[in-house]
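Visitor: what shape does this take:
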Amino acid sequence: MARFSAAIAPTTTSSSPAATVAPPSSTPASRRFALNALGSLGMATLLGCGGGGSDSESTDTAGSGSGTDTGTGTTTDTGTGTTGTGTTTTCSVVPEETAGPYPADGSNASNNTYNVLALSGIVRSDIRSSIGSSTQVSGVPFTITITLTNTNASCAALSGYAIYLWHCTQDGNYSVYSSNNIADNYLRGVQATDANGTVTFTTIVPGCYAGRMPHMHLEVYRSLSAASNASNKIKTTQLAFPTALLSTIYNANSGYSASVRNLASMSFATDNVFSDGTTLEMTTMQANSGGGYSAHITISVAA
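Guide: Down below sits the predicted model:
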């Protein structure tokens, strides 16, 4: 696929604060509405990651199921294939979610059409720095493993599909939009699924900003070559994380001080994306030796 190395700073302006950087289908797709008003909002009026307010990600109430969050990194999920090897025969399509105001996927979001998917180097597993930079964002080390399966083939693994993952910093900011510069593209990356339908990203534990529960965004594409523009995506969704474990992490690490306060004021019931259930979007998360954490999840699409 053709990816371009241009690092272009758009001429539009943004009021989003700069990110803190270390030393430098069974579930209807319509269950949550997209951001219909984003096209008319200027960056100066947007709320969300980087703005210290809500991501303005709306939802309806027609979704089904509710995740069981034990606070230990486990969740009750009886509808999704769990092995990614084709041995599970019952799975449900992961809910369609809004990409939020900061996808940088070539779509018109926040009055900009930033597209990191066209950048040379965006296909990578470690997303803690901008492409070509050795400076990593601050945060607790974290790996997230995602397995993709097909509801139309007895939950068989989907090999060779591409997953674009992005999320905010420990301070609640998104790259690109925080600096108004596509060259600042940390915490964004694309990978192709292996023979087991799996990708693993090395990143940091995402922060919690006002108005949203901690989450990660992802888009699914049929191939790496298709993962060049949002117009080719076949699924957009979000991943959730166990509240109690995140609270422990935030309280133990000073860089997440704002997240302590924001998480205490939120719940899945009041979150405008996850309020109708997290069963198919809740990750299993645990501590690793060495002070980091890892999580995994199996999601399904109708391929």
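Visitor: ok, and what's touching stretch 226-237?
Guide: Applying Cβ atoms under 8 Å, 6 or more residues apart in numbering, the contact partners of stretch 226-237 are 1-3, 94-99, 103, 105-107, 115, 117-118, 162, 164, 190, 217-222, 281, 299, 301, 303. No exception for glycine: its C-beta is placed from N, CA and C like everyone else's.
Visitor: take those residues and keep only those in helices.
Guide: Assignment to helices by DSSP state H places none of the contacts of stretch 226-237 there.
Visitor: got a quick ChimeraX command for the buried subset of these?
Guide: With 16 or more other Cβ atoms under 10 Å as the criterion, this ChimeraX line picks the buried residues out of the contacts of stretch 226-237:
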select :3,94,95,96,97,98,99,103,105,106,107,115,117,118,162,164,190,217,218,219,220,221,222,281,299,301,303
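Visitor: okay, now the unreliable bits of the stretch 1-150 of the chain?
Guide: 1-88 (pLDDT under 70).
Visitor: just to revisit the earlier point, just the ones of the contacts of stretch 226-237 in strands?
Guide: Judged by DSSP state E, strands contain the following of the contacts of stretch 226-237: 162, 164, 190, 217, 218, 219, 220, 221, 299, 301.
Visitor: okay if I get those residues as a markdown table plus distance to residue 155 and pLDDT?
Guide: As requested, the ones in strands among the contacts of stretch 226-237 are exported to a markdown table (distance: Cβ to Cβ, whole Å; pLDDT from 0 to 100):
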| residue | distance to residue 155 | pLDDT |
| --- | --- | --- |
| 162 | 19 | 99 |
| 164 | 22 | 99 |
| 190 | 24 | 99 |
| 217 | 23 | 98 |
| 218 | 19 | 98 |
| 219 | 21 | 99 |
| 220 | 15 | 99 |
| 221 | 20 | 99 |
| 299 | 11 | 98 |
| 301 | 11 | 98 |
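Visitor: residue 206: which of the residues you listed is nearest?
Guide: residue 217 (9.9 Å; Cβ to Cβ).
Visitor: distance-wise, check the closest one relative to residue 122.
Guide: 15 Å (Cβ to Cβ, to the nearest Å).
Visitor: cool, residue 208 as well?
Guide: For residue 208, the distance to residue 122 - Cβ to Cβ - is 26 Å.
Visitor: between those two, which one's more packed in?
Guide: residue 208 (29 against 22; other Cβ atoms under 10 Å).
Visitor: right, and that one touches residue 246 too?
Guide: Yes - at 7.1 Å, residue 208 and residue 246 qualify as touching, with contact defined as Cβ atoms under 8 Å.
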